[in-house]
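Trainee: Dropping the sequence and predicted coords here.
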Amino acid sequence: MIDLYTFGTPNGRKASIMLEEVELPYTVHQIDIKQGDQFAPEFVAINPNSKIPAICDRETDITVFESGAILIYLAEKTGKLMPTDLKGRFQVIEWLMLQMGSVGPMFGQLNHFRKFAPETIPYAINRYEKETLRLYGVLDKQLEQNEYICGDYSIADIAIFPWVNIYEFQELTLEGYPNLQRWVETLRQRSAVQRGLAIP
């Protein structure tokens with residue numbers, strides 16, 4: 001059994017989608033980051049960085065935080081959604097790292113300055129929107145020759161999808177990115193993705 005500590009953010013949804021895809025039993029513990037639950041001593045003991053998601057695997061007594069690390073752990077635990085050959089494995093890892101180092105931070109900053117900043121800062125909004133759209137282009141080009149990010153469906157798709165899926169919330173459009181739009185619609189049809197998006 002997996003204990004999942006999460007909230008309804010793109011990073012949180014990576015973990016729930018992955019758990020649904022690999023069909024592992026899990027219990028959801030909502031960490032309400034709007035109320036500061038992530039700073040409670042009980043959660044800090046699980047993730048010293050006070051960020052969701054995190055998991056505790058009761059079977060192995062292993063705790064994992066950072067969403068990318070969680071995806072790798074669950075892929076290795078189940079033997080699913082990660083290639084076993086060296087070339088394929090590192091292609092998936094590099095696109096996972098692109099999500100962790102670029103997609104998540106840039107899209108997240110756009111979210112913050114467009115939706116949550118106490119004052120409107122046009123320079124910041126323009127900067128992060130421009131970078132988000134640049135990354136849309138990178139993804140669209142990759143998907144031009146691939147059904148999924150790395151050919152076969154993998155943790156790279158699970159990592160990137162929740163961030164692109166919120167384009168309407170970010171007041172953006174996927175027009176002009178036909179391959180990315182096709183990919184988003186394809187993933188939205190997956191039953192495991194639908195279930196994962198509904199958690200918590």
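Mentor: Perfect, I can see it now.
Trainee: for the longest helix anywhere in the chain, packing partners?
Mentor: Using DSSP state H, we find that the single longest helix of the chain is helix 122-142. The contact analysis (3 or more CB pairs under 8 Å, 6 or more residues apart in numbering; DSSP states H and E) places helix 122-142 against helix 104-111, helix 155-164, helix 178-188. Every residue, glycine included, has its C-beta placed from N, CA and C.
Trainee: immediately after the longest one, which helix or strand?
Mentor: Counting by DSSP states H and E, the next helix or strand C-terminal to helix 178-188 is helix 191-197.
Trainee: Provide the secondary structure category for the residue nearest to N111 when sequence neighbours are not counted.
Mentor: With sequence-adjacent residues excluded and distances taken as CB to CB, 6 or more residues apart in numbering, N111 is closest to Q170, at 6.4 Å. Secondary structure assignment for Q170 (DSSP: H, G, I helix; E, B strand; the rest coil): coil.
Trainee: Relative to its centre, which residue of the chain is most distant?
Mentor: For the chain, the largest distance from the centre (CA atoms, centre = their mean) belongs to E119, which lies 27.4 Å off.
Trainee: Next up, identify which helix or strand that residue is on.
Mentor: Counting by DSSP H and E, E119 is found in no helix or strand.
Trainee: try T63
Mentor: Short version, using DSSP H and E: T63 is in strand 62-65.
Trainee: ok so, going back, which residues sit in contact with the residue nearest to N111?
Mentor: Q170 makes contact with 107, 110-111, 114, 129, 132, according to CB atoms under 8 Å, 6 or more residues apart in numbering.
Trainee: 7 Å instead, please
Mentor: 110-111, 114 (CB atoms under 7 Å, 6 or more residues apart in numbering).
Trainee: Could I get the pLDDT score of the closest residue in space to I160 that isn't next to it in sequence?
Mentor: Nearest residue to I160 in three dimensions, chain neighbours excluded: Q99, at 4.8 Å (CB to CB, 6+ apart). pLDDT for Q99: 98.
Trainee: Q99 against A159, yeah?
Mentor: Yes: Q99 lies in contact with A159 (CB atoms under 7 Å); the separation is 4.2 Å.
Trainee: Could you check stretch 176-187 and say which residues are buried?
Mentor: For stretch 176-187, burial by neighbour count (16 or more other CB atoms under 10 Å) applies to 177, 179-181, 183-184, 186-187.
Trainee: need those in TSV with pLDDT, can you?
Mentor: Formatted as TSV, the buried residues of stretch 176-187 follow (pLDDT from 0 to 100):
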residue	pLDDT
Y177	98
N179	98
L180	98
Q181	98
W183	98
V184	98
T186	98
L187	98
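Trainee: if we take those residues, which one ends up nearest to G137?
Mentor: Within the buried residues of stretch 176-187, the smallest distance to G137 is 7.0 Å, found for Y177 (CB to CB).
Trainee: list the contacts for the nearest residue to the closest one once chain neighbours are set aside?
Mentor: Closest residue in space to Y177, ignoring its immediate chain neighbours: D140 at 4.2 Å, by CB to CB, 6+ apart. Residues counted as contacts of D140 (CB under 7 Å, 6+ apart) are 177, 179-180.
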